[in-house]
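> everything below, folded, please.
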Amino acid sequence: EPRPCGCNTRKLVNNRFPARKGWGLRSGNPQSLLKVKNLTSYRLNVLTTSKKIAFTLAETLITLGVIGIVAAMTIPTLISGYQERVTVTKVKKMYSLLNQVVKLAEVDNGPILTWNLVSRYNGGSQKLYNYIKPYMKKAKECVEDNSKNCFNTNLKYYLLDGSAWDLPNTTYINNEYVRLIFSDGSLLWFRADYNDGCTGTDGDYPEKDTCALFWYDVNGNSQPNTMGKDIFVYVLRPKGIFKSADTRDCYLNGGGWTCTKWVMEHDNLDYPASKPAED
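Numbers count the residues shown, from 1 in each chain. Okay, here's the model as predicted:
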């Protein structure tokens, strides 16, 4: 029916508006109807029936709590796994570096046995360093200064079984050790064998033909400063650098001196708890 304003209107049919193009209905279907009771908003030529959905504060808090619990359970494992990968990678990298350094030194100076290395008590460590120094370009000699820039003699060091290791004192006695620090903060120190040349055994490595021992701390002065966890041993013998693998195997109830071999062969730090009884 016409209205005074000249506009046309539409009558309700069974409490519904008949569908019309441009009203936000299914305009392609002229029979589409919209219930008036579902009409929630009106704009010019637009009708909608959508409802807003939201979380309550309690639901949000519960969700955040669940996320926090899951994070607390998984993040430590992820961090531990990442640190293990970093350690394994650095142990392998140092092994490769030392082998390369020794081989380059032999090219320029002849085989190791011709270096006439002497006991660490007679300056053997420094003499060995003079041979390999030109090839240790990323390392600088470290002097005792009790700071984070070098060996901190105030730190405590441990063997793998948790027993104390009096490392800081021994590394500074009579200059028997050479100490190096790398750009990433990792530390390397070494000493020549007790005997002259490479003819005998070392007190810390009871195998024959030991020329020198190298210790590598993958994270410098940072904890845990423990053999087999962040400190690993390499051995210089007449044929080059070897993984420390003497008769003392790598077990959690041991000293950890031979864990370098385990890490490089097993690609992890999951050491056995103890030595099997049959061994």
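> could you check how far residue 124 is from residue 190?
10 Å (Cβ to Cβ, to the nearest Å). (Glycine included, C-beta is placed from N, CA and C.)
> what's the overlap in contacts for the two?
Counting by Cβ atoms under 8 Å, 6 or more residues apart in numbering, the shared contacts of residue 124 and residue 190 are residue 212.
> any chance you could map the helices in the stretch 101-250 of the chain?
124-132, 167-170 (DSSP state H, counting those that start in this stretch).
> closest one to residue 112 among these?
Closest of these to residue 112 is helix 124-132, at 8.6 Å (criterion: Cβ to Cβ).
> show me which positions of the closest one end up buried.
If you call a residue buried by 16 or more other Cβ atoms under 10 Å, then helix 124-132 has these buried ones: 124, 125, 126, 127, 128, 129, 131, 132.
> okay, the second one: pLDDT?
Reading off the confidence values, residue 125 has pLDDT 91.
> all further residue positions should be reported with the first residue as 50.
In the new numbering, first residue 50, that becomes residue 174.
> hang on, it packs against residue 226?
Yes - with contact defined as Cβ atoms under 8 Å, residue 174 counts as touching residue 226 (6.0 Å).
> shared neighbours of the two, anything?
Contact with both residue 174 and residue 226 is made by residues 239, 240, according to Cβ under 8 Å, 6+ apart.
> which of the buried residues of helix 173-181 sits closest to residue 163?
residue 180 (10.5 Å).
> give me the spatial nearest neighbour of that closest one, chain neighbours excluded.
residue 154 (4.9 Å; Cβ to Cβ, 6 or more residues apart in numbering).
> before we move on, what about residue 230?
Counting by Cβ to Cβ, 6+ apart, the residue nearest residue 230 is residue 191, at 4.4 Å.
> quick one on the thing from earlier: so for residue 277, which of the helices of the stretch 150-299 of the chain sits nearest?
Of all these, helix 216-219 sits nearest to residue 277, with 13.6 Å by Cβ to Cβ.
> show me the shaky parts of this protein.
Applying pLDDT under 70 to the chain flags the ranges 50-102, 123-130, 192-198, 217-223, 250-256, 294-297, 325-328.
> ok, now with 50
50, 52, 55, 71-76, 79, 81-86, 88-91, 93, 96, 328 (pLDDT under 50).
> what's the burial count for the nearest residue to residue 232 once chain neighbours are set aside?
Spatial nearest neighbour of residue 232, chain neighbours left out: residue 187 (5.9 Å); criterion: Cβ to Cβ, 6+ apart. Neighbour count of residue 187, defined by other Cβ atoms under 10 Å: 10.
> then residue 167?
Neighbour count of residue 167, defined by other Cβ under 10 Å: 18.
> just residue 115 next, same as before
For residue 115, the neighbour count with other Cβ under 10 Å is 10.
> and for residue 106?
Residue 106: 7 neighbours (other Cβ under 10 Å).
> pretty sure the residue nearest to residue 230 is touching residue 226, no?
No - using Cβ under 8 Å, residue 191 makes no contact with residue 226, being 9.9 Å away.
> between the two, who's got more neighbours?
residue 226 (22 against 19).
> I'd say the more buried one and residue 241 touch.
No - in this structure residue 226 lies outside contact range of residue 241 using Cβ under 8 Å: 9.4 Å.
> where do the contact lists of these two overlap?
169, 174.
> any idea how far residue 298 lies from residue 212?
The value you get for residue 298 to residue 212, if Cβ to Cβ is used, is 17 Å.
> the two: who's more crowded?
Neighbour count, other Cβ under 10 Å: between residue 298 and residue 212, residue 298 has more, with 17 against 9.
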